[in-house]
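Trainee: Using only what follows, build the 3D model:
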Amino acid sequence: MDFPRSKPKVLGYDPEQVDALLQRLQRQYENPELKLATSAMVNVAKFDLVPGGYQIPAVDSAVAKLAEIFLEREIAGMVRKSRAKASQELSNNLREIKAVLEAGAKKSFSTQKQGFSKRDVSALLRRIEIKRGVLNAPDSLELRTIGFRRSRSGLDRLEVDTFLNLVIRTLHCQKALG
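Mentor: Okay, the predicted model is just below:
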């Protein structure tokens, strides 16, 4: 993939690191039996910032889409191996999500300096619901790329991201089980 570059004095992602990850993902995609990368690894990929590097939004968007592709494949494989195991995971995930939705953002997540805006996270939680055992939420790509404002006394970013990853995984699991 060829990403646009930032201006020479503007920071962007290190092209060598981005290219190395993409090569690894391509090899994994072409040969699913390899264990070079998982969707979880793609989710936490971080790159150094360098002057004149790849433009951050373009890379973030591509990485989010790749994480989606890898997660879909992983869950489809899990369903093929054991539909019962996938159903149990879905049930457990729905219970966990429901508990967070019932408690609300302020009670579910710790606070931290420069955390995510409580208002933004609460607004997103209002868009997620479970009715009759079915999770309804924004699509997973939107959840991966959502931009929360920062707040001096905001919600713990890691905890919120972990919850969003749970919602994303649950959406994919629900879809795979039909």
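Trainee: chain center to stretch 36-52, what's the gap?
Mentor: Once both centres are worked out by CA atoms, centre = their mean, to the nearest Å, stretch 36-52 turns out to sit 12 Å from its chain's centre.
Trainee: no, scratch that, I was asking about stretch 152-172
Mentor: Centre to centre, stretch against its chain (CA atoms, centre = their mean), the figure for stretch 152-172 is 8 Å.
Trainee: next one: stretch 165-178
Mentor: Taking the mean of its C-alpha atoms, stretch 165-178 sits 12 Å from the chain's own mean (CA atoms, centre = their mean).
Trainee: if I look at E159, how far off is K9?
Mentor: Separation of E159 from K9 (CB to CB, to the nearest Å): 36 Å. Every C-beta, even on glycine, is put in place using the N, C-alpha and C of the backbone.
Trainee: Looking at the chain, which helix is longest?
Mentor: With residue count as the measure and DSSP state H as the assignment, the chain has helix 56-81 as its longest helix.
Trainee: That one: which residues count as buried?
Mentor: By neighbour count, and taking 16 or more other CB atoms under 10 Å as the criterion, the buried residues in helix 56-81 are 56, 58-60, 62-64, 66-68, 70-71, 73-75, 78-79.
Trainee: Against which helices or strands is that helix packed?
Mentor: In terms of contact count using 3 or more CB pairs under 8 Å, 6 or more residues apart in numbering; DSSP states H and E, helix 56-81 is assigned the packing partners strand 11-13, helix 15-30, helix 39-43, helix 83-103, helix 140-145, helix 157-177.
Trainee: what is the orientation angle of it with helix 83-103?
Mentor: Regarding helix 56-81 and helix 83-103, their directions subtend 130 degrees when assessed with axes from the mean of the first three to the mean of the last three CA atoms, to 10 degrees.
Trainee: please renumber so the chain begins at 34
Mentor: Okay, residue one is now 34; in that scheme the one you just asked about reads as helix 89-114.
Trainee: I'd like the mean pLDDT over helix 89-114, please.
Mentor: Averaged across helix 89-114, the pLDDT comes to 94.
Trainee: Would you mind getting the angle between it and helix 48-63?
Mentor: For helix 89-114 against helix 48-63, the angle by the same axes, to 10 degrees is 20 degrees.
Trainee: Could you find the closest non-adjacent residue to the residue nearest to the spatial centre of the chain?
Mentor: The centre of the chain sits closest to R177, judged by CA atoms, centre = their mean, with a distance of 4.2 Å. Computed as CB to CB, 6 or more residues apart in numbering, the closest residue to R177 that is not its neighbour in sequence is A97, at 4.2 Å.
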